[in-house]
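Student: have a look; sequence and predicted model below, questions after that.
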Amino acid sequence: AQKITQTQPGMFVQEKEAVTLDCTYDTSDQSYGLFWYKQPSSGEMIFLIYQGSYDEQNATEGRYSLNFQKARKSANLVISASQLGDSAMYFCAMREGAGGTSYGKLTFGQGTILTVHP
Amino acid sequence: DTGVSQDPRHKITKRGQNVTFRCDPISEHNRLYWYRQTLGQGPEFLTYFQNEAQLEKSRLLSDRFSAERPKGSFSTLEIQRTEQGDSAMYLCASSSADREGSPLHFGNGTRLTVT
């Protein structure tokens, strides 16, 4: 079974509008973390936002927020006020467990390509 | 913070040749990771170093792959007897604090093409 599922291969949004990128995950661990990364066409992976499984509040970082629904095992990324520079591939990733190598051993989804139209 | 640096950016090699990639992590980071990303997929974990010790290797890392991190600074990833299936982007990442939210900082990757 897929540990991270991103069901939207591609998404389109109008500049200045908000967009939600979906991510569902599968784990039996009680302690885990969820990350979102952006990968522009240039190839670098840019960290956007993090949500820990025990965090009660949804994470926010500037225009990015994470809609964390633990019971549904979903961690959707919301980008507000989209900009042309937001056009990129977006990956959801999960860290399972706590301590040791788990902090950097991430399982990634297949990604969603976001295109922002002017 | 100069970021994670990888060299070369691109490598084209013929099947059967050996290749070596280098990664220079962010200087104060003691944790270093290698990932592999094929076209249209998310990155997959290959191996992890804490300082100079290689603490975990994925089953994706066959015997033809070897990674080192002498003195806990830069790291090299060598692929021997390359195969066409090795064609991918090889990403290096580093992280610092031993806390759960500490993000991985990725380099720009080395794109390997095996002909």
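Tutor: Perfect, thanks for sending it. Numbering: from 1, shown residues only, chains lettered A, B, ... in the order given.

Student: any idea how far stretch A:42-59 is from the chain center?
Tutor: 7 Å (CA atoms, centre = their mean, to the nearest Å).

Student: mind listing what's buried in it?
Tutor: A:43-45, A:47-53, A:55, A:59 (16 or more other CB atoms under 10 Å in any protein chain shown). Where you see a C-beta, it was placed from the backbone N, CA and C, and this is true even at glycine.

Student: of those, which is the nearest to residue A:116?
Tutor: Using CB to CB, residue A:48 is the member of the buried residues of stretch A:42-59 that lies nearest residue A:116, at 15.2 Å.

Student: state the distance from the spatially closest residue to residue B:72 that is not a sequence neighbour to residue B:32.
Tutor: Counting by CB to CB, 6 or more residues apart in numbering or on different chains, residue B:51 is the residue found nearest to residue B:72 once chain neighbours are left out, at 3.8 Å. Distance of residue B:51 to residue B:32, computed by CB to CB, to the nearest Å: 9 Å.

Student: and for the two, which residues touch both?
Tutor: residue B:69 (CB atoms under 8 Å, 6 or more residues apart in numbering or on different chains).

Student: of the two, who's got more company?
Tutor: Neighbour count, other CB atoms under 10 Å in any protein chain shown: between residue B:51 and residue B:32, residue B:32 has more, with 29 against 12.

Student: any idea which element the more buried one lies in?
Tutor: Taking DSSP states H and E as the criterion, residue B:32 maps to strand B:31-37.

Student: residue of chain B closest to chain A, please.
Tutor: Relative to chain A, the nearest point of chain B is residue B:42 (2.9 Å; CB to the nearest CB).

Student: which residues does that residue contact?
Tutor: A:4, A:91, A:93, A:108-111.

Student: neighbouring contacts of stretch A:20-33?
Tutor: Residues outside stretch A:20-33 that contact it (CB under 8 Å, 6+ apart): A:1-8, A:11, A:34, A:36, A:50-54, A:67, A:72-79, A:90, A:92, A:94-98, A:109, A:112, A:114, B:100-101.

Student: now which of the residues you listed would you call buried?
Tutor: A:4-6, A:8, A:11, A:34, A:36, A:50-53, A:74-79, A:90, A:92, A:94-98, A:109, A:112, A:114, B:100.

Student: so which of the residues you listed sit within helices?
Tutor: Judged by DSSP state H, the buried ones among the contacts of stretch A:20-33 include no members of helices.

Student: narrow those to those in strands?
Tutor: The members of the buried ones among the contacts of stretch A:20-33 that map onto strands under DSSP state E are A:4-5, A:11, A:34, A:36, A:50-52, A:74-79, A:90, A:92, A:94-96, A:112, A:114.

Student: would you check that residue A:4 makes contact with residue A:107?
Tutor: Yes - Residue A:4 lies in contact with residue A:107 (CB atoms under 8 Å); the separation is 5.6 Å.

Student: residue in chain A nearest to chain B?
Tutor: For chain A, CB to the nearest CB, closest residue to chain B: residue A:108, 2.9 Å.

Student: hmm, that residue is touching residue B:43, no?
Tutor: Yes - using CB under 8 Å, residue A:108 is in contact with residue B:43, at 5.3 Å.

Student: please identify which pair of the contacts of residue B:42 lies farthest apart.
Tutor: It's A:93 and A:110 that sit farthest apart of the contacts of residue B:42, by CB to CB, at 11.2 Å.

Student: compare the two (neighbour count), which wins?
Tutor: A direct count of neighbours by other CB under 10 Å for residue A:93 and residue A:110 places residue A:93 higher, at 26 against 17.

Student: okay, now the unreliable bits of chain B?
Tutor: Scanning chain B for pLDDT under 70 picks out the ranges B:1, B:97-100.
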